[in-house]
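Asker: structure, please.
(one chain, ligands or ions: 1)
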Amino acid sequence: MLNLVLFGPPGAGKGTQAAFLAKAYQLVHLSTGDILRKEIASGSAIGQMAKDIISKGELVPDSMVINLIQDKLDKNPSVNGFLFDGFPRTVPQAEALDNLLVHYGRNVSAMLSLEVGKEELIARLIKRGVTSGRSDDSNRSVIENRIEVYNQKTAPLINYYRNAGKYESINGEGSLEEITKRLKTCIDQIPQNRKSR
Ligand code: B4P
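Answerer: Take a look at the predicted model:
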């Protein structure tokens, strides 16, 4: 089994690369950003709560995303593995994920961290904002706030996974194909004992 956390700041290419990797390794792709955007589009109670938070570039409450992920794990009991994209984003989320995976007899095989410079991140998100219609890609100050929130609340996860011996750093700049190749090389080198559950 292979359970991967695809990690990085907003605009690092998580969603982009997750699509390639999920297909290549036959993993269930779980993007909390995509799940929340579907909740917003459907007008659900969760979506209504998340909408304003996301448009300001803040994180939704931990309990909300943990429950959404738990629901997806419940619905996919016997799959090859999961690709977590945009989750966990805080230390309490990472702890909750570890506990949930233990419950299902799984563990995190590796955390793949895409490294991209701040100006490149901003340029990518502004470009996407022109066509995506996403409220959180709408202006530079919201994008800068997302990067700030990442630095304060999400970057500490690097140490969390480093301490667990699961942190892998990958250069996230270059062509899509080059980055996919780097990620695959890294995944293929994960020791077998980390892929056994
Ligand atoms: P996400 O959907 O996860 O948004 P994101 O961080 O911007 O990542 P995304 O995957 O969309 O972008 P990507 O880097 O692929 O989250 C949105 C919001 O939901 C969060 O801000 C938060 O409010 C909330 N949320 C989600 N998960 C949460 C959680 N766990 N806890 C609390 N709140 C949560 O790519 C960006 C752009 O770069 C794309 O346009 C792509 O085409 C381009 N790109 C990618 N690779 C490139 C490359 N190599 N070269 C050039 N461009 C590239």
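Asker: which neighbouring elements make contact with the helix or strand hosting L30?
Answerer: Assigned by DSSP states H and E, L30 belongs to strand 28-31. Using 3 or more C-beta pairs under 8 Å, 6 or more residues apart in numbering; DSSP states H and E, the elements in contact with strand 28-31 are helix 14-25, helix 62-75, strand 81-85. Heads up, the C-betas are built off the backbone N, CA and C, glycines and all.
Asker: the very next helix or strand once past it: which residues count as buried?
Answerer: Counting by DSSP H and E, the element after strand 28-31 in chain order, helix or strand, is helix 32-42. Neighbour-count burial for helix 32-42 flags T32, G33, I35, L36, R37, E39, I40 (criterion: 16 or more other C-beta atoms under 10 Å).
Asker: which elements pack onto the following helix or strand past helix 32-42?
Answerer: Going down the chain from helix 32-42, the next helix or strand is helix 45-55, by DSSP H and E. In this structure, helix 45-55 packs against helix 32-42, helix 62-75, with contacts taken as 3+ C-beta pairs under 8 Å, 6+ apart.
Asker: list the contacts of helix 45-55.
Answerer: Outside of helix 45-55, the residues within contact range by C-beta atoms under 8 Å, 6 or more residues apart in numbering are 36-41, 59-60, 64, 68, 135-136, 138, 142.
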